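Student: Give me the fold of what follows.
(one chain, ligands or ions: 1)
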Amino acid sequence: MKDDHIVFRGEVLDLLDQRLLPLEAKRLPCDNVESLIKAIKSMAVRGAPAIGVAAAYGCVLAAREAKDEADLERLLHDLENARPTAVNLSWAVRKMRALWQPGTPLEEAAQIFMAEAIAIHQADIEACRAIGRYGAELIDDGDCVLTHCNAGALATGGYGTALGVIRAAWEAGKKISVIADETRPLLQGARLTAWELRQLGIPVTIACDNACALVMGRGLAQKVVTGADRIAANGDTANKIGTCGVAILARHFDIPFYIAAPLSTIDPSLENGSQIPIESRQTDEVCVINGKRVAPEGVKALNFAFDVTPAALIAGIITERGVLRPPYGESISRIFKGVWK
Ligand code: MRU
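Tutor: Predicted structure coming up:
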């Protein structure tokens, strides 16, 4: 599988438009910050680490197009706020800001940002591979792994987090299969996870989101692994809407539920999950299918893009430094102090 969904070529950040997959593999060139913000908001590029990487390259676009320092600051601020839940976005922009000294010529800032964006991109791919290696040890030969949303190469710099674990287990020779929740309303599971796994040759079956209880009750899944958009200091984890329900069911049916995420997804500044901002998206995503309204005209719809899984339901958080175990308050604080056992 080619990891070329985020490529900076010449003057342009060239993205694979994830809205059209799997039917069309069309590129979406972004040559200024406004077009990248649009791509992030409309989810042409999506997935927490992927929007972090795209935003890092977006800072290069910002430094190239800014008229002066105040303009650069405005562009960085707008970019950082394109979507609220995935912390990787603001993490990447904050990292760039820290490298920029007021008074540095913008041309020079663009060069500094480019070097850092490439480093962030590479580091994310390496983090995913390490997550895969640690996570693969938790998967047994013959397991069927259930996942929700898409935490594959497309959602990261490359290789994937939850799908990174599945890929690594498969590459290690374990005969596993995957159940991909379809993930309403934007179908990241049915469209993207199934597409990626098919390309990798890993057996995948799609299930409606609301089939999860039956699937688990029938013993069709032995492990659950999902990605994350933001993890609070106590281990509470925001991920795609529906994840918390999956975790509750997994606990009921005694199935281990794991989160796979790089350290850039942990936000130690937030004490717990109630402080994680939850994105609410336009209701048409729920009420309109293939351009056709399916709900009565005028009816309201809730379209929360994420929910928060309480730390108590998470068997382990698979990171590039190893598998964090409860109590997460302690294991997360240790890892941020650089101590890892
Ligand atoms: O709204 P999305 O598609 O950006 O949501 C993506 C998810 O919830 C993923 O599971 C998460 O970002 C982890 S991606 C490695």
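Student: What residues does this structure have near the ligand?
Tutor: 43, 46-49, 86, 149, 151, 155-156, 161, 188, 226-229, 239-240, 305 (C-beta under 6 Å from any ligand atom). (Glycine included, C-beta is placed from N, CA and C.)
Student: pLDDT score assigned to Tyr134?
Tutor: Note for Tyr134: predicted pLDDT of 98.
Student: now do Met1
Tutor: So, for Met1, pLDDT stands at 73.
Student: how about the closest residue to it other than its chain neighbours, secondary structure?
Tutor: Spatially, and ignoring its direct neighbours in sequence, Met1 is nearest to Gln199 (4.9 Å; C-beta to C-beta, 6 or more residues apart in numbering). For Gln199, the assignment made with DSSP: H, G, I helix; E, B strand; the rest coil gives helix.
Student: Can you tell me how far Gln199 is from the ligand?
Tutor: Distance, Gln199 to the ligand, using C-beta to the nearest ligand atom, to the nearest Å: 17 Å.
Student: Which members of the residues of the chain next to the ligand occur in helices, if any?
Tutor: 48-49 (DSSP state H).
Student: Give me the contacts around stretch 84-98.
Tutor: 40, 47-49, 51-53, 55-56, 58-59, 76, 79-83, 113, 116-117, 120, 229-230, 238, 262, 264-267, 276-279, 305-306 (C-beta atoms under 8 Å, 6 or more residues apart in numbering).
Student: List the contacts of the closest residue to the ligand within the stretch 201-341 of the chain.
Tutor: Closest residue of the stretch 201-341 of the chain to the ligand, C-beta to the nearest ligand atom: Gly227 (2.6 Å). If you count contacts by C-beta under 8 Å, 6+ apart, Gly227 has them with 47-48, 149-151, 155, 161-162, 239, 259-261.
Student: Now tabulate those in JSON lines and tack on neighbour count and pLDDT.
Tutor: What follows is the contacts of Gly227, written out as JSON lines (neighbours: other C-beta atoms under 10 Å; pLDDT from 0 to 100):
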{"residue": "Gly47", "neighbour count": "30", "pLDDT": "98"}
{"residue": "Ala48", "neighbour count": "28", "pLDDT": "97"}
{"residue": "Cys149", "neighbour count": "29", "pLDDT": "98"}
{"residue": "Asn150", "neighbour count": "33", "pLDDT": "98"}
{"residue": "Ala151", "neighbour count": "36", "pLDDT": "98"}
{"residue": "Ala155", "neighbour count": "29", "pLDDT": "98"}
{"residue": "Thr161", "neighbour count": "33", "pLDDT": "98"}
{"residue": "Ala162", "neighbour count": "33", "pLDDT": "98"}
{"residue": "Asn239", "neighbour count": "29", "pLDDT": "98"}
{"residue": "Ile259", "neighbour count": "31", "pLDDT": "99"}
{"residue": "Ala260", "neighbour count": "30", "pLDDT": "99"}
{"residue": "Ala261", "neighbour count": "30", "pLDDT": "98"}
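Student: Quick one: mark the members of those that sit in strands.
Tutor: 239, 259-260 (DSSP state E).
Student: hang on, the earlier thing: save the contacts of Gly227 as JSON lines, and put in distance to Cys30 too.
Tutor: Listed next are those as JSON lines, based on distance: C-beta to C-beta, whole Å:
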{"residue": "Gly47", "distance to Cys30": "16"}
{"residue": "Ala48", "distance to Cys30": "19"}
{"residue": "Cys149", "distance to Cys30": "23"}
{"residue": "Asn150", "distance to Cys30": "21"}
{"residue": "Ala151", "distance to Cys30": "23"}
{"residue": "Ala155", "distance to Cys30": "18"}
{"residue": "Thr161", "distance to Cys30": "24"}
{"residue": "Ala162", "distance to Cys30": "27"}
{"residue": "Asn239", "distance to Cys30": "26"}
{"residue": "Ile259", "distance to Cys30": "30"}
{"residue": "Ala260", "distance to Cys30": "28"}
{"residue": "Ala261", "distance to Cys30": "26"}
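Student: returning to that earlier point: are any of the contacts of stretch 84-98 buried, and which?
Tutor: The neighbour-count test (16 or more other C-beta atoms under 10 Å) marks 40, 47-49, 51-53, 55-56, 58-59, 76, 79-80, 82-83, 113, 116-117, 120, 229-230, 238, 262, 264-267, 276, 278-279, 305-306 as buried among the contacts of stretch 84-98.
Student: May I see the buried residues of the longest helix along the chain?
Tutor: Identified as the longest helix of the chain according to DSSP H is helix 106-136. Across helix 106-136, burial judged by 16+ other C-beta under 10 Å covers 106, 109-110, 112-114, 116-117, 120-121, 124-125, 127-136.
Student: repeat for stretch 297-313
Tutor: Buried residues in stretch 297-313 (16+ other C-beta under 10 Å): 303, 305-311, 313.
Student: What is the burial count for Gln336?
Tutor: No, residue 336 isn't Gln; it's Phe. Residues lying near Phe336 (other C-beta atoms under 10 Å) number 12.
Student: Is it in contact with Pro268, as I believe?
Tutor: Yes - the criterion here is C-beta atoms under 8 Å, and Phe336 meets it with Pro268 at 5.4 Å.
Student: Run through the strands of the stretch 201-341 of the chain in chain order.
Tutor: Assigned strands in the stretch 201-341 of the chain, in chain order: 204-207, 223-226, 230-232, 237-240, 257-260, 266-267, 288-289, 292-293, 306-309, 316-319, 322-324 (criterion: DSSP state E, counting those that start in this stretch).
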